[in-house]
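Need a 3D model of the sequence below.
(2 chains)
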Amino acid sequence: MKNLLILTLLLLVSGCEPFVVDFSDLSTPKKFEAANVDLNSKTYQGGGIKVLTWNMRFGVGRFSFFGDSCGEDVIADEQTITQTMEAIAETLTVIDPDIVLLQEVDLGSKRTGYWNQVQYLLNNTPLNYGVYASVWEVDFIPTDGIGRVNMGNAILSKYEIGPSERIQLRLRTDQPDYEQYFYLRRNILKSEIPELASSSQKKFYAVNIHATAFATDDTKEKHVVKYLEILDDIHSDGHVFVSGGDLNAVPPGATIDYCMNDICEGESYHVDGIDPFHKEGSFFDNFIGEPDILAPLYQLYDPAIAEDFINLPEHYTHAPSTSMLGEDAIRKYDRKIDYLFTNLEWDDMSGHTHQACWELSDHMPISATLSNLTED
Amino acid sequence: MVKVLILLTALLVSIIRGGNANWDSHSAHIMPPGKWSVGIFQPLRFGLKEGLELSSHPGWFLVLPNASFKIPFADFKSFNTATKVSFVYPTPLLNMLSREGIGGIIDPNLTIPPMLGVSGSFIMSREVLRVNLTAKTGLDFGLVFGDLDTRSNIDLPIVYHRLEVFQNGWGWHTGLDLETKLIKKVRIFIDIDLRFIPDTGKRGKGKNYAMRSGDYSIEHKMLLIWEYSSKFRIMTGYKLVSGDYPYGKQTRLLPYIPFVEQWLPLIELQWLR
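Below is the predicted model of the structure:
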């Protein structure tokens, strides 16, 4: 009887888990391991370290999702998800990075058929280990049929991942409370990779960020400042990092207004008296200094795509999935908002924007190779 | 607020379909002719004639047409026995929930075809050591007259497994209810029910897209009942639902208020005439 009462009490307590998961400033991300860890690749044998960042748009490819484009669809069908996830896994296998920084990875979301995309990619690529930090974890979202969502940032690696932190970024302040309650909790995911440390004093970190996309207040500034603070701490402590992600910010010198590129049927922007004047997420001058918000990163660290080339079309990384040039022509990419940096040095000309992947996401992956770590 | 309504609706649907937690409605006893009872969340029960009880929730009838009939069987080894047959037509309500914006519970691009849910239960009741004991078991059938997209599921406790019957074609339910007097005018009601959907897919190797998986749900309810008079009573308590869903196992205490992240006791008023 006593055991039954204890069991009932435990069940009652477990039944009160929060509907929307909130996170403390620092928390521990979930760890994953491939079903079959490749014992040969998990040990660093010398040579360059290839790093890749990719906002994989929860594996739906160019699916016309209602939430981030002019789309109207909500729950992706099995064929779309299966084909896209297989293609993403194949792409990662062909590029063969040692470390992958992923944004918008789904882990049991209804919109993607409840896939565990982290585990799938570990099981179907040469990558062995993973950590995942949720950005959006809600039991049930009662709008547009979304239902359950769990989406986040992930770091995948051939080498074992050591201590990791999920670092909470500030929430948007330009939303009503009820909207913010169900909204994203963006974060920076920081992981130590002991296998790549050149000594016990010089640790190797991978840092992954997905900064705010749609904020019209100073949230993006806060996110980038926090990001810089984390990278600066690693650097000033004498450690090394590879870092990147979807910063949702254009590089210095880039066009700042994409409202008319991203406009959907029935919308009006740049019209006096019509609010909002600019489309959320398509305008990059919401606060003083926003157009140059990434300049310190370029000044302090080595970018995978050199500053001279960042505004060239061959390095654009994004356009909304339903962005059209005309009746039939899809605009594949028109801006750069994804980045890779290190406080070491990338191999000359190793930085590459993989625009051939445009069908697999609304973001293009970027990869670059670090010089031989043993020579550091 | 929308979420609260969803959970309350889920609770209501559970009570309508489960048919327990009102005056003897969970038992094999039949409402006498001309007598009726009703609650806020519970259906109107009416004794149509000797040996035939009708129950339905009139407040929801326009969007969720539903009706149950209970008829007695011969006593079996000091047990009263009865059978209950329930019908529900969820299509109008589900199509109302398939909408854009707040309140959209189902993908607005999906249309729910005409569907009829039919449940049959065999119920046995008797008093043992001053405890009213009821055991029941039965089958649920989901008849679908058109194409039902697997993406139209609602991944909420209580609701998911009841709707999964329409995807699967059939399911099985069983349960046990206990009710006894605690003190003078206070009674306690405890039940536990299992719903099982055979042949539902399982997540795992080779099955990544798992819109249909999670085959069982266990629902437990405890209510304290204050019998104010022979015609009116107030109940309070909780409902605990633990089950396997497409996203994994989950236990949830209801009613749960999302915005304040807190459980609130269920309160029910019931009248009998």
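
what about the residue in the stretch 51-200 of chain B that chain A sits nearest to, neighbour count?
Residue of the stretch 51-200 of chain B nearest chain A, by Cβ to the nearest Cβ: residue B:107 (3.7 Å). Every residue, glycine included, has its C-beta placed from N, CA and C. By the criterion of other Cβ atoms under 10 Å in any protein chain shown, residue B:107 has 25 neighbours.

What sits closest to it if chain neighbours are left out?
residue A:145 (3.7 Å; Cβ to Cβ, 6 or more residues apart in numbering or on different chains).

Run through the helices of chain B in chain order.
Along chain B, counting by DSSP state H, helices occupy B:2-18, B:91-97, B:159-168.

Now the weakest link among those, please, by mean pLDDT.
Averaged per stretch, pLDDT over the helices of chain B is lowest on helix B:2-18, reaching a mean of 44.

what residues are up against the residue of the stretch 51-200 of chain B closest to chain A?
Residues in contact with residue B:107 (Cβ atoms under 8 Å, 6 or more residues apart in numbering or on different chains) are A:73, A:74, A:75, A:144, A:145, B:98, B:151, B:152.

let's go with 7 Å and repeat that
For residue B:107, the contact set (Cβ atoms under 7 Å, 6 or more residues apart in numbering or on different chains) comprises A:74, A:75, A:145, B:98, B:151, B:152.

Quickly note the distance from it to residue A:20.
Here residue B:107 is placed at a distance of 21 Å from residue A:20 (Cβ to Cβ, to the nearest Å).

Could you do residue B:180 as well?
39 Å.

Between these two, tell me which one has more neighbours.
residue A:20 (20 against 15).

Show me what from the stretch 1-150 of chain A comes close to chain B.
A:11-12, A:14-16, A:18-20, A:72-75, A:78, A:81-82, A:108, A:110, A:113-115, A:120, A:140, A:142-145, A:147-148 (Cβ under 7 Å from any Cβ of the partner chain).

Just the buried subset of these, please.
Buried members of those, scored by 16 or more other Cβ atoms under 10 Å in any protein chain shown, are A:11-12, A:15, A:19-20, A:73-75, A:81-82, A:108, A:110, A:113-115, A:120, A:140, A:142-145, A:147-148.

so residue A:215 makes contact with residue A:173?
No. Using Cβ atoms under 7 Å, residue A:215 is not in contact with residue A:173, being 8.1 Å away.

neighbour-wise, which of these two wins?
With neighbours defined as other Cβ under 10 Å, residue A:215 and residue A:173 compare such that residue A:215 has more, 24 against 12.

looking at chain A, which helix or strand is least sure?
Lowest by mean pLDDT, DSSP states H and E among the helices and strands of chain A is helix A:2-14, with a mean of 69.

ok, then the element right after it?
The element immediately downstream of helix A:2-14 (helix or strand, assigned by DSSP states H and E) is strand A:26-27.

what's the next secondary structure element after that next one?
Following strand A:26-27 toward the C-terminus (DSSP H and E): strand A:30-33.

my guess is residue B:156 contacts residue A:139, does it?
No. Contact criterion Cβ under 7 Å: residue B:156 and residue A:139 do not qualify, at 8.2 Å.

if I pick the residue nearest to residue B:107, what's in contact with it?
A:74, A:75, B:98, B:104, B:105, B:106, B:107, B:108.

The residue in the stretch 251-376 of chain A positioned nearest to chain B: neighbour count?
At 13.7 Å from chain B, residue A:266 is the closest residue in the stretch 251-376 of chain A, using Cβ to the nearest Cβ. Counted with other Cβ under 10 Å, residues neighbouring residue A:266 total 6.
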